[in-house]
Each structure stands twice: as structure tokens, then as C-alpha cells.
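>>> This is the structure alone, sequence omitted:
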């Protein structure tokens, strides 16, 4: 909300400087978002009189003026405004002045060969309004040579953010009252004019919707002239960013901005029958002042007459009954609308207005009569006319809340000790009434005050939050205890393990385009937003891979040779009872080049499925999964290459991870060049460590005797998985064989059709004594026999 | 000159002239081998008279030793020469690039979250989490934002379709019409504050938690993205007041930015879930660097060349919120605060575009990401040096 210092001083007797007032506003909770001093902007502009105006010799639309600046010889100025003429008074910008509207510095210059010593300005050039049809014309009374800033009584303008709990400060008067309480001057209560009016109000006013509109007051004024509002009012409205429209409209806007009290003025000629507050009919149409038509429903309160709706109660008036320059008789409306229903109606219609902002936060229920009197006075003073008596329908809920206050709470909650007398003074300055036993009655306008904590806030903010001293939180003795949960520790470890392995952590959107999410949905019913910001951010992700794939694609499009991205985040599914089931997950994408072409290595190397397997296993191990017990099984999912992907399971059912090359169809769906490898680790599937956390490891002493290795070359059926062969070999002697690994796989020349050669290195660890030749032969025989069960035969 | 002298000088000259190991071996055989000329001289000793032998033996022995030493010396020389030749042929151009291991990185948001966890752990706070897809009750109602509350309008909320919702509701998702239905309406949490409610309901009091995580608002420009990160702090205990809040925020920011000159300005404000509510500004100044000037937190915002930056929202938890969370507000009270994690990261580490946080641009990650070994510690300072 914007207001000028001059306007503020209408309600506040103060000599405080602009910076002091701004500091006080911030300190009491009205954040100053900006201060503008129009006088600075108008520096260098002064009132000048046009003495002569002659046609420019070389330009049809220009005139050469001779202007009196009130000092020295007249100046020659070239001007293009059609209304420039001898004898008029206007505003001259002298060389060196900066035009507020465009930041241009004026200079002495030649325009089409004729010297010009300044510029006669339009309203828009000085940012005083939108008008730009000609230069400003000032009345005869203006004093030639006076600085235009002085003439306009330019006053610094504060732009203040009013929090939603303080509708009482959405008018200058409320801000003045708060400032006075904080010691910035003395509050000047406005005198409420007493206007009894003549004759009964000729219009019947009633409220048929006591819930939505508990009170509706009005009166008629006959014989008004709706010209333009007086200069002092226009200046205040302009300072507040409100364009002057007509005397009647300006008067209602003035009432709203000065007192936080919206009101409405109807053209009486357009009304017929009783004017009443009622619920709208379902489907009822309404043409509002903003030139839009709204369809109403029966939850909305409106003001209507026999012909239909004239006003969406408390939000916006109608086109039809709005005042015009021809208006002579008006009906004033000042009503109290229930804040809740205003809010709902406004949101339903998607219609915002200054009136709605105030009504939905709650206007002062005690200010209907005063507001009507002030409005009547403003109109009669500027437009003339004869007011009728007031007619009142219903009554506003005006009992102020009563709170029993314990002043000790200020220190207990606010952390600052304020003397009782000072607390009383603060509350009273804010218009609370405080009894001897500390029963506090709130002014009805303070809808935000609900209990003692709110009173503490009032006391502390006026006393000064800067007076609250820091007090250390009590802390436990000794070194801080660990607080991270096992899951949190797992995630942290995993993250740093992935980074240590050369992967870059990315954070991608939780929401995906519907098709990208659908590609990874695997039949799950996904969460789709009702009001996404765009179709690309609509469906909550069922997998971390789509986001990472598109990030890798963006990198490739930018010319990156390869991406190794990972993310730790959640996948979103529907849980039981309509809730959310969010699964912590790690995703990895390896795309593009694994190693670049090199002087030693030759061609660039692409990522392969075994790179994905390596990441999956290493990261699972970092996450605390029992890597040695994992089984490599199929069914990584339709998004993966069927022959180059697998799952890692603990037991046949529990899938801890999937990895491998992405399916060409996936690459196509994401418009990305392959091959691309992916890993997804399902963190919630990793079993928790059993038992209490201990630090001591199982006892271990390195064996005294050296291990020996024996190599076995087998011919195996092509379909035999290496993992199965190794498992069989290891099982041949569980004590002696401590490791077995495939070191060569070969098919083709010299190997029969349907077979492949697989060479296994077996590591034997002797115990107390070295193996004898016989023992080694027995172990070898057992290895060969175990392999034979899988169709493997020792190569000769 | 004796015959022996002639033999010796001839042998030494030939040894010196030998240019490789086989030639040298041939000379050894020629002189010292079984049939060698010096070996033959040795054999003559046996046939000599004792007197003659006594005179000749030392001479012949000396001849033998001299030749053997010369052979050994020459052999060593040849070996050294050979090694030098080989080494010369093995020279590598070590200005060629070595194979590089990829440098991984931790995202700044994760890094900052780890830093926060470390700092607050020292103050006795644990890290709490909650669902990102929330119901209306936890996100709004329990935080004292009733359906018609104007403050709801400040949260541009992403909603999910309501099961069995009437059409009007679907068309205007931000509307509340039916209390019971709306309490269960699902949405993307607009702040981490619902974790307050869930934690109090689950753990009771006293409680000290921070709750970092993703939050969502329907907003998008250089400083707003539809998804971002917040951290919530909550302390509920007995006799906790605004002074403790102030100390906690000061202590946290000093530890986080590793500056003792952090100055806070508390301003009264309004949040439905706190009463009194306090907005927290931090003093900053423009610091000129090689890449232009940058706002750096520190110093009194009112000092010349300084300013105030709005950083945190906070306050004493509203009694209604404590009641909603199932605790007795006459027994328990405390404070809560919330701050943007991405914002903290930007202020500390100097990024200026929030959107880049969520793009996965390799170049950005390389530049702003952190080493796996930058694990925040209290002893080392939680920050990772540039």
C-alpha cells in the first residue's frame, strides 16, 4: 500500500524524518518496500509562461516558443504539442533536468536547425498520469518561476507491505495510529461530520442474506455534479497509485485508502425497486466494471434490485449502475460483508480487487456510520447535492473481543521484560481498553487478535523486537549426541560414495510430462497434478531415470561427450487410504563416452552394461546391502534392453536394484542417442542392520600359510550363466575354496557349436598345514564334478 | 720387459677394446679359461723348483689378478653403457595426458543440507522428514490456515484431483467449499511446516528438529522455481521464548557462513502458524571481487554501504498449531523457523540462477558441485572452500 507523507500527516502530528518513519514502520511490522520522493524526480522542472508561439520554419508540426521562466531573459523552446500557445502556463524542463518517464537528460540543442533550451512537458513525461495529448496546462493562478515540485506539493511516498492480518492498516489512518503508538508523533483523530440529511431515503434497502451481509447502510444524494475531484484529493490518490476517475469514484477510493473502508456509489437512475443484499442465483450473469462478465452461483452474496445484480458484494461493482459524468442522483452503499464468504467468492471467480482484499481480511465493523458520514461529506463538498437521511438494514458484529491478559506472558513468550505500565500504555495507544485487573477489550477492527499471544505480539512489536536479547538454548552436557537415523546415514554415505566413484549428483524435477512418466509407470496409478504449471511438469515421477535421461540428453545437446549423473530422491506412488507412498531411490545414468579417444587407448569407449553393474554393486555395498549374497536375476523391466539388463535381489522376491542398458524404445521415447546405461537402487528394499550398532569387528588374523591358485578350463553349454558355474565351483569345497572367478570366456574357432570355453581361477586357502598333493587332487576332482552337474567338462 | 709384462699389457689393451659382453667373455676364456694363456702360466708353477716358484708365483698371481680385475671393470662399464642405451630408448613424453578418473560431485543442495544437519546436530536437533504429497489438513488447516484464510492465497498450491470432487471444485482448485473433503484433499506441500505437525504428533515434546526437503509452489522465474528446498526448524519445550529463537538463528547463521559479524534484524510479521511472528533480515554488503561485486552477508545492515536482506520467517509456534498437533499449549511452547536451502546455498557459494540447480548441466555441476571428501565437520568448519 502506498501513501504520501503529506497524507500521513493528515492523521499524524509528527516532525519525524522520512528515514525515521521508514525505520519505525519496519520495526512495528509494516515492511517498507520502497520510498519515492517525487520532488527529486521533478528537480529542474519549473512553471513557465508561453509568451509567443510561432511556426517552426522547417517543420509543420513544431512551434518555436518564447517562454518566461520567471528569471532572466525569455528562453527559446521548440515544442511539438498542439495545445502550446501564447499566454498559457506550463511546465518547462531546463537543460540538466532528467525526464522521469524515460530517464533522458535534457540538453540545449538544435531541433531542425532551431535552438531549443528545454522542453515543455506532458503529464506522462513527468509520470503524473497517462495523458500525453499535449503539454500540461496550469491555471492562471500558478506562479511563473516556481519549482514544479513545490507547486505540486510533491511529498515523499512510502510503499508498505501490509500483512494479511492487519486490514486495519490498509488505510492511512490505521498506519498513523500504529506509528503514534510507536512514538512517531501524535495520532490526530478525524472529526466525523454530522450530516443528518433531509427527508427519508427514497430507496428501500434491506439484507436478505444476513449471513453474507449482516449490515447494509445507505443514503441517497440528489443533485450532484460528477466532475473531477479536487487537486488535494487527486494528489493523494496519485501518490497511492490510484488514477483519478471522477469526483464520485475518487471519493469512494479516497475513503478506502484513507480509512481502509470500501464503499460503493450507484447511479440512482439505473436502480429500480428495493436494493438488497441477497444470494446470487445459480448461473446468474453479471457484467462487472472490469468489462468482464461473471457467472455467479448461490454461495455468492450480491447487491441487486428488481432488475438484477449491480454489485458482487464487497468485490466489484457493475457496469450498468456505475456513475458517469451525467449522473445526478446517487445511492451510497456501505456494508459489512462476512470475510469468509468474500474470500470464497473471490477465489471462485478468480476476481481480485482492493475492496475484496480489505473485506476478506475484515473491515472495521464499527465504522459504518462514520464511513458513510465521511463519504457523504466528501461528495457533498466536491459534487454538491442534497443527502437524504440514512437507512440501515441489519447490524454489524461489533462486540470487541475480551481477553484476560497476564503481563508475565510478554517475558515468557516474547523473551523481553516490559514494565506493566508500559504494556498498558502500548495497548491503550493501539486503542485497546485495559481494565485494572488486566481484562483487555480489543477494538473491533482488530480481527487478528485472538488471545494473549497476540497481545504479547502487540506489546513486543511496539516496544521493539530489537530489545529482545539473545538467550542460548539450553544444551546437553558434553559432546553433542549423534542424531542421524540409519536411513539418513545410509543416504549420506551413498551420496558421497557415488561422488567418489566419479558420478555427478543432479537434482531433477519431481514431476514429469505424462508420456515420460507413463513410460516408467509399469502399470502403477500415478499422481497427476490438477493444476500443473505446464504439461511438462504434470505427473509425479515413478522412477528417477526419466529426469536423469533428459538431463543427460540436454548435456549431449550442449556437446558434452558423456554424462555420469546420479540422483537420490523419491519416487511417488499412491499408498493405502489415499495417502502418498514415497520411495527413497537412487538413480544413475551413464550416457555417451566412458573414456574419450586417447593417444594411448585409441578410440573412445562407450559405456556398457557391466559399467552399470559395477555401479550397482559398489553403491549397494556402500548402502550397507550384503553384496556377496545378491543374486543376479532377470526382469529389469520393459524400459531396459532385454538381453543386457538384470535385477539384483536378496532372495527371489526382494529386488534391491535394477541395472543395464536401456531399451532402444526408451532411447527413442526420450529422443536420446544410445547406448545409455542405467541403474536404479531401491533404498527402502535394503534390509536394515539387525541389532544394536557396534564398533568392534569379528576377530580376524591373516592365515599363516599362503593361498594357492589352480586354473580350470571348462567347455560349457552356451546358455550356462557364468554366475551359476562359479557358484557351483565355489560350492565344491566350502572350506578350502575361498574365491573363484572367471578369467576367460571364449567361443568360436576350436570350440564346438553350442558350447563356450570358460576358464575359472580357484583360490585355495590352506589352514594349519599345507595341502598335500592328494588333497589338492581331491579338491580338483570335486570342482570338476560340481561343474559337470551344469554340463561343464574339463578341456583336455 | 719380460714376457709376462708383454702378455699383461696386451691383455689389458684388448680388454679395453672389447665392445660387448661376448667379446669380453672370449677374452676371459683366452686368458683365464682352462686352456687360457695365463692359466697355462699358472700350471708351469708346479713344475718349478721351490726357489723358482717362490720368485715366480707372486708375479704370475699378480698378472692373473690384474687381468681378472680388468675384465670385471670392463664388464661393469659395458653394462652401464648398455643400460644407458636402453634407458635412452625408453624415454616417454610425459607432457602427454595421463588417463583421468572422472571427478564426481555432490550437489550444492545436498552439501548445504549436510552442513545444516551438522550444525544443528551440535545444538541437539535431529533431522525429520515427511511426505511431499501432503493432505490439506497437515499443510494448511493444522498450521492455522483455515480454508478461507487469506494467507492461503500466498501459497500457489499444486493440487491433485479430488476423488469424487464436484466439478466446481475441479475448475477452481484453490477454493475450499466442503470442510471434510478439503481436509483430505491431496496437494504438493507448499512448505516443510507440515513436518512440524507430523513430528509433534509422533514424538510429542520436548522436541528439536530440522526438516529439510523439497517443497512446491506454482511459480517460475529466475528466483522462483516450481520445486525448491526449504528447511524448517522447530523447538518445543518449556520456557522457550523469542530470545532463544534469536540466539538459535544467530548461532546457526554464524556457523553456516563461518562469520562472526553476522547481524540480524528482527521485524514483526505475520504467519498463521506463529504468534508472535518475526521476519528476519540479515545485514550484507557489496564486496568487490575479480568477477564484479557480490552481496556478502555480514555487518550491520544500517552501516554505510550495507543493507538488509530478508532471509527467514519465524516466530513462536501458534497455540492453535500446538493444539492441532495434540500437545497442551499451556504446558509446551516454542519457536519455528523456515528458510530456503537453495537460497542459503546461493548466498554462501555464489550461484545466481535458481533454475540451474535443477538442470543437471554437467558444466554447472563440475563448477558448483562438491567433492565427496568435502564432508562437513565441525572441527574443520562446515563450509567447503572454493
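Everything's here; your move. Given the structure is predicted, the values throughout are model-derived calculations rather than measurements.
>>> Count the residues that sit near residue B:345.
23 (other C-beta atoms under 10 Å in any protein chain shown). Just so you know, the C-beta spots here come from the backbone N, C-alpha and C atoms, and that holds for glycine as well.
>>> And residue B:249, by the same measure?
Residue B:249: 24 neighbours (other C-beta under 10 Å).
>>> Relative to chain B, which residue of the stretch 551-700 of chain A is the closest?
The minimum distance from the stretch 551-700 of chain A to chain B, using C-beta to the nearest C-beta, falls at residue A:551 (2.9 Å).
>>> Assumed that residue was part of a helix.
Yes - counting by DSSP: H, G, I helix; E, B strand; the rest coil, residue A:551 falls inside a helix.
>>> where along chain B do the strands fall?
B:126-127, B:133-135, B:186-188, B:207-216, B:227-237, B:264-271, B:274-289, B:292-297, B:306-317, B:333-340 (DSSP state E).
>>> need the least confident one among the ones you listed, by mean pLDDT.
Mean pLDDT across these is lowest at strand B:292-297; the value there is a mean of 85.
>>> Let me know the pLDDT of the closest residue to residue A:726 other than its chain neighbours.
For residue A:726, ignoring the flanking residues on the chain, the nearest one in space by C-beta to C-beta, 6 or more residues apart in numbering or on different chains is residue A:740 at 5.2 Å. If you check residue A:740, the pLDDT there is 94.
>>> from memory residue A:740 sits against residue A:759, does it?
No - judged on C-beta atoms under 8 Å, residue A:740 makes no contact with residue A:759 at a distance of 11.0 Å.
>>> the more surrounded of those two?
A direct count of neighbours by other C-beta under 10 Å for residue A:740 and residue A:759 places residue A:740 higher, at 22 against 15.
>>> Confirm the more buried one sits in a helix?
No - according to three-state DSSP, residue A:740 belongs to no helix; its state is strand.
>>> which residues does it bridge with?
Residue A:740 forms beta bridges with residue A:762, as assigned by DSSP bridges.
>>> Okay, it and chain B: tell me how far apart.
Here the distance between residue A:740 and chain B works out to 29 Å (C-beta to the nearest C-beta, to the nearest Å).
>>> For residue A:788, see how far away that residue is.
From residue A:740 across to residue A:788, the span is 15 Å (C-beta to C-beta, to the nearest Å).
>>> before we move on, what about residue A:642?
According to C-beta to C-beta, residue A:642 stands 30 Å off from residue A:788.
>>> ok, residue 280 - contacts?
You didn't pick a chain, so chain A it is. A:286, A:296, A:297, A:298, A:300, A:301, A:302, A:309 (C-beta atoms under 8 Å, 6 or more residues apart in numbering or on different chains).
>>> Hmm, no, I was thinking of chain B.
B:249, B:264, B:265, B:266, B:267, B:310, B:311, B:312, B:313, B:314, B:337.
>>> restrict these to those near chain A?
B:265, B:266, B:267 (C-beta under 8 Å from any C-beta of the partner chain).
>>> which of the residues you listed lies closest to chain A?
residue B:266 (4.1 Å).
>>> show me what contacts that closest one?
Residue B:266 makes contact with A:465, A:466, A:468, B:242, B:246, B:278, B:279, B:280, B:281, according to C-beta under 8 Å, 6+ apart.
>>> go on, residue A:273?
Neighbour list for residue A:273: A:204, A:305, A:306, A:307 [criterion: C-beta under 8 Å, 6+ apart].
>>> who touches the residue nearest to the residue of the stretch 551-700 of chain A closest to chain B when sequence neighbours are not counted in this structure?
With C-beta to C-beta, 6+ apart as the criterion, residue A:551 has its nearest non-adjacent residue at 2.9 Å, and that residue is residue B:360. Under the criterion of C-beta under 8 Å, 6+ apart, the neighbours of residue B:360 are A:506, A:507, A:508, A:547, A:548, A:551, A:552, A:554, A:555, A:563, A:565.
>>> and the residue of chain B most remote from its centre, what pLDDT?
The outermost residue of chain B, judged against the average C-alpha position, is residue B:49 (90.6 Å), by C-alpha atoms, centre = their mean. Residue B:49 carries a pLDDT value of 87.
>>> tell me which residues in stretch A:465-483 are buried?
Neighbour-count burial for stretch A:465-483 flags A:465, A:468, A:470, A:471, A:473, A:483 (criterion: 16 or more other C-beta atoms under 10 Å in any protein chain shown).
>>> outside of it, which residues touch it?
For stretch A:465-483, contacts defined as C-beta under 8 Å, 6+ apart pick out A:27, A:414-416, A:460, B:117, B:121-127, B:208, B:235, B:240-244, B:246-248, B:250-251, B:265-268, B:278.
>>> pLDDT value on residue 94, please?
Just so you know, I chose chain A. Among the per-residue scores, residue A:94 holds a pLDDT of 90.
>>> try chain B instead
Residue B:94 carries a pLDDT score of 93 in this model.
>>> Could you tell me how many residues sit around the nearest residue to residue B:293 once chain neighbours are set aside?
Computed as C-beta to C-beta, 6+ apart, the closest residue to residue B:293 that is not its neighbour in sequence is residue B:286, at 4.5 Å. Number of residues near residue B:286 (other C-beta under 10 Å) recorded here: 13.
>>> Can you tell me how far the residue nearest to residue A:551 is from residue B:109?
12 Å.
>>> List the buried residues in stretch A:132-140.
Neighbour counts using 16+ other C-beta under 10 Å place A:134, A:135, A:136, A:138 of stretch A:132-140 among the buried residues.
>>> what's the domain layout of chain B?
Split into domains by automatic domain parsing, chain B comes to B:3-89, B:108-132+B:189-368.
>>> Export those domains to a markdown table and append columns for distance to residue A:690.
As requested, these are arranged in a markdown table below (distance: least, C-beta to C-beta, whole Å):
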| stretch | distance to residue A:690 |
| --- | --- |
| domain B:3-89 | 59 |
| domain B:108-132+B:189-368 | 22 |
